[in-house]
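K.L.:
From the sequence below, what's the structure:
(one chain, ligands or ions: 1)
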Amino acid sequence: MNLTYTSTRGHGETVTASQAILKGLADDGGLFVPTSLPKLEVSVEKLAGMSYQEVAYEVMKLFLTDFTEEELKRCIANAYDSKFDTEVIAPLVQADGAYFLELFHGNTIAFKDMALSILPHLMTTAAKKNHVDNEIVILTATSGDTGKAAMAGFADVPGTRIIVFYPKDGVSPVQEKQMVTQKGDNTFVVGIKGNFDDAQTGVKKMFNDQKLAKELDGAGFQFSSANSINIGRLVPQIVYYVYAYATLVKNEQIKNGELINITVPTGNFGNILAAYYAKLIGLPIDKLICASNTNKVLFDFFTTGTYDKKREFTVTSSPSMDILISSNLERLIYRIAGNDAEKNAAMMQALSGEGEYTITEEMKAGLTDFYGNYADEKETAEAIKNLYENTGYVIDTHTAVAASVYKKYVADTKDAKPTVIASTASPYKFARSVMTAIDKKYDALDEFELVDELVKLSNTPEPEAVKEIRTAPVRHNNICAVDAMEATVKQWLGIQ
Ligand SMILES: *Cc1c(COP(=O)(O)O)cnc(C)c1O
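P.N.:
Numbers count the residues shown, from 1 in each chain. As a prediction, this is how the structure comes out:
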């Protein structure tokens, strides 16, 4: 069967999976969604006997139907290899009545590695398939984390280059060190004399510049994006939910067919949407518990049916969830609108115009799969401290938001189904917030002393990603003015 994709704002035009991956966003500004939903073909018993890579193939082949078996298996093998510090890729850890699905064993010790490890391979395969001979140039603006994860994924992947712009004075010292030490001759990092918005605006301008696109094409290049709305990032994220379920069955922690809940610390709504897709293809999932931090737009949306971005933006200890526009929610809106692109487009237009939209009563009925709640800064810190004191297990701030919200869910509903909590970052990545949540005294230590203490406290080895920044030489030392971004790109690509 050939699965095609259509835009959430379009008129029914379809593209293949590989075209959707190359394009990222539809021309009308909509997101690509599958025109029909496949069903898992293999039994859970079979999945339970499979490796992560084998499960990945079984899931991804359902969505990326124009990739051959050989192509898909090669992409998977190149992505989920020794870059991960555990053979199982995504381990499940039982603690305090829940199962933590650790998605942070890749290059940059956060869950974005799960998708960004494979996206470059999917993209170069998609380019070949569509007879694109140009070298793919990934252009990214980052506020810290995504840029590093994207570079780590694309580093040394033949046929690709990646350029990352970050606000020179707007990222943490550790984040900057991680980026400027990036290896790979095809990677290029530039600090701009401006803020994240300037970086984002500059990148968008280059994407939409037809004249620049022509110049690039003449020199054998074309831009692409590694943005989280790309289906090449969404599909690989469905895999680990299927793998987690199979692991629970294999370990006899649940019976085959038993319903489970999934709790996801949410920002852009990509990770939880992948869990929803896992449910839609037949995985026995009951509730999808959407956990927000103080920026609780999604909690308000699930409670009232109104999505309202007009509010104060708060910087929290879970920065990857500090988001007021959850882009991937559009795919859910489209679905609960009955796959009505016109209705969806009107709501998205209201969001960019008036800053809010309200769904209909009928659409609200489509949200019963979801439960939303949030945890504030105090509750997040308490979740880290309590879990550590009760079990010895240490979680990061994002995962702690989810753990806290899961407790609220159980208190609200008395639902005791087995629950998987997506654990999206290693505590080492947010060592200061994690350690001071456990004991304020740690605030006196510097970054690496904190890491040393965390090793002792959690009884886990220091991740390679942290060791690297202690010693790795700086490889990038580029700074440019906001209005020189285009010239910088051209210079690096060797265009006049
Ligand atoms: C990106 C990120 C999230 C949010 O995931 P979304 O798919 O954007 O909802 C949560 N935690 C961490 C650590 C992240 O990096």
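K.L.:
residue ranges of the strands in the stretch 1-150 of the chain, please?
P.N.:
5-7, 14-15, 32-34, 92-95, 98-102, 135-141 (DSSP state E, counting those that start in this stretch).
K.L.:
Dump those strands to JSON lines, plus mean neighbour count.
P.N.:
To be clear about C-beta, it is placed using only N, CA and C from the backbone, and glycine gets the same treatment. Listed next are the strands of the stretch 1-150 of the chain as JSON lines, based on neighbours: other CB atoms under 10 Å:
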{"stretch": "strand 5-7", "mean neighbour count": "23"}
{"stretch": "strand 14-15", "mean neighbour count": "18"}
{"stretch": "strand 32-34", "mean neighbour count": "24"}
{"stretch": "strand 92-95", "mean neighbour count": "17"}
{"stretch": "strand 98-102", "mean neighbour count": "23"}
{"stretch": "strand 135-141", "mean neighbour count": "21"}
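K.L.:
could you list every residue that touches the closest residue to Cys290 other than its chain neighbours?
P.N.:
Take Cys290 and drop its neighbours on the chain: the residue closest to it by CB to CB, 6 or more residues apart in numbering is Gly372, 4.5 Å away. Gly372 makes contact with 289-290, 292, 298-299, 301-303 under the criterion CB atoms under 8 Å, 6 or more residues apart in numbering.
K.L.:
Which of these sits closest to Thr391?
P.N.:
Minimum separation from Thr391 among the contacts of Gly372 (CB to CB) is found for Ile289, which lies at 20.2 Å.
K.L.:
what is the closest residue to the ligand within the stretch 1-150 of the chain paired to in the beta sheet?
P.N.:
In the stretch 1-150 of the chain, no residue comes nearer to the ligand than Ala110, which is 4.6 Å away by CB to the nearest ligand atom. Each beta-bridge partner of Ala110 is listed here: Ala425, as defined by DSSP bridges.
K.L.:
Touching, it and Ser320? I think so.
P.N.:
Yes: under the criterion of CB atoms under 8 Å, Ala110 is in contact with Ser320, at a separation of 7.3 Å.
K.L.:
between the two, what contacts are shared?
P.N.:
Residues touching both Ala110 and Ser320 by CB under 8 Å, 6+ apart: 145, 424-425.
K.L.:
Can you tell me which of those residues lies closest to Ala48?
P.N.:
If you rank the shared contacts of Ala110 and Ser320 by distance to Ala48 using CB to CB, Thr424 comes first, at 24.4 Å.
K.L.:
Distance of that closest one relative to Gly106?
P.N.:
Here the distance between Thr424 and Gly106 works out to 12 Å (CB to CB, to the nearest Å).
K.L.:
Then Lys39?
P.N.:
Lys39 sits at a distance of 29 Å from Gly106 (criterion: CB to CB).
K.L.:
ok, these two, which is more surrounded?
P.N.:
Gly106 (28 against 8; other CB atoms under 10 Å).
K.L.:
Which residue, neighbours along the chain excluded, lies closest to Cys480?
P.N.:
The spatially closest residue to Cys480, leaving aside those adjacent along the chain, is Thr488, at 4.7 Å (CB to CB, 6+ apart).
K.L.:
Identify the residues contacting the strand or helix carrying Glu382?
P.N.:
In this assignment (DSSP states H and E), Glu382 forms part of helix 377-391. The contact list for helix 377-391 (CB under 8 Å, 6+ apart) reads 95-96, 293-294, 316-318, 375, 393-395, 397, 400-401, 403-404, 407, 433-434, 436-438, 457.
K.L.:
run the last query once more with 7 Å
P.N.:
Contacts with helix 377-391, where a contact means CB atoms under 7 Å, 6 or more residues apart in numbering, come from 95-96, 293-294, 316-318, 375, 393-395, 397, 400-401, 403-404, 434, 437-438.
K.L.:
which parts of it are buried?
P.N.:
Taking 16 or more other CB atoms under 10 Å as the neighbour-count basis, helix 377-391 is seen to contain the buried residues 377, 379-388.
K.L.:
before we move on, what about stretch 80-92?
P.N.:
So for stretch 80-92, counting by 16+ other CB under 10 Å, buried means 80, 83-85, 89-92.
K.L.:
nearest to Tyr240, of those?
P.N.:
Closest to Tyr240, out of all of the buried residues of stretch 80-92 and judged by CB to CB, is Ala90, at 4.6 Å.
K.L.:
Tell me, what's the model's pLDDT at the closest residue to the closest one other than its chain neighbours?
P.N.:
In space, Ala90 comes closest to Tyr240 once its chain neighbours are excluded; the distance is 4.6 Å by CB to CB, 6+ apart. According to the predicted model, the pLDDT of Tyr240 comes to 98.
K.L.:
Check what pLDDT the closest residue to Ala422 other than its chain neighbours gets.
P.N.:
Counting by CB to CB, 6+ apart, Ala422 lies nearest to Val264, which is 4.6 Å off, once chain neighbours are set aside. Here the pLDDT value assigned to Val264 is 98.
K.L.:
Within range of the ligand, give me the residues from the stretch 101-250 of the chain.
P.N.:
Proximity of the stretch 101-250 of the chain to the ligand is assessed by CB under 6 Å from any ligand atom, with 110-112, 145, 228 identified as the residues in range.
K.L.:
Just put these in JSON lines and tack on distance to Asp340 and pLDDT.
P.N.:
As requested, those are exported to JSON lines (distance: CB to CB, whole Å; pLDDT from 0 to 100):
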{"residue": "Ala110", "distance to Asp340": "35", "pLDDT": "93"}
{"residue": "Phe111", "distance to Asp340": "32", "pLDDT": "95"}
{"residue": "Lys112", "distance to Asp340": "31", "pLDDT": "94"}
{"residue": "Asp145", "distance to Asp340": "35", "pLDDT": "80"}
{"residue": "Ser228", "distance to Asp340": "24", "pLDDT": "85"}
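K.L.:
and the most centrally placed residue in the chain, what does it touch?
P.N.:
For the chain, the residue nearest the mean C-alpha position is Lys112 (4.4 Å; CA atoms, centre = their mean). Neighbouring residues of Lys112 by CB under 7 Å, 6+ apart: 145-146, 149.
K.L.:
separation between it and Tyr374?
P.N.:
In this view, Lys112 and Tyr374 are 22 Å apart by CB to CB.
K.L.:
For burial, what's the neighbour tally of Ile289?
P.N.:
If we define neighbours as other CB under 10 Å, then Ile289 has 29 of them.
K.L.:
And the strands in the stretch 301-450 of the chain?
P.N.:
Taking DSSP E, counting those that start in this stretch, the strands of the stretch 301-450 of the chain run over residues 306-308, 356-358, 370-374, 419-423.
K.L.:
Tell me which of those strands sits most buried.
P.N.:
Mean neighbours per residue, mean count of other CB atoms under 10 Å, is largest over these for strand 419-423, with a mean of 26.
K.L.:
touching the ligand at all, that one?
P.N.:
No: in terms of CB under 6 Å from any ligand atom, no part of strand 419-423 sits within range of the ligand; the closest distance is 7.9 Å.
K.L.:
That strand vs strand 98-102, what angle?
P.N.:
In terms of direction (axes from the mean of the first three to the mean of the last three CA atoms, to 10 degrees), strand 419-423 departs from strand 98-102 by 30 degrees.
K.L.:
Check which helices and strands strand 419-423 sits against.
P.N.:
The contact analysis (3 or more CB pairs under 7 Å, 6 or more residues apart in numbering; DSSP states H and E) places strand 419-423 against strand 98-102, strand 260-265, helix 397-413.
K.L.:
Which single one of the buried residues of helix 377-391 is nearest to the ligand?
P.N.:
Proximity of the buried residues of helix 377-391 to the ligand (CB to the nearest ligand atom) peaks at Thr380, which lies at 12.2 Å.
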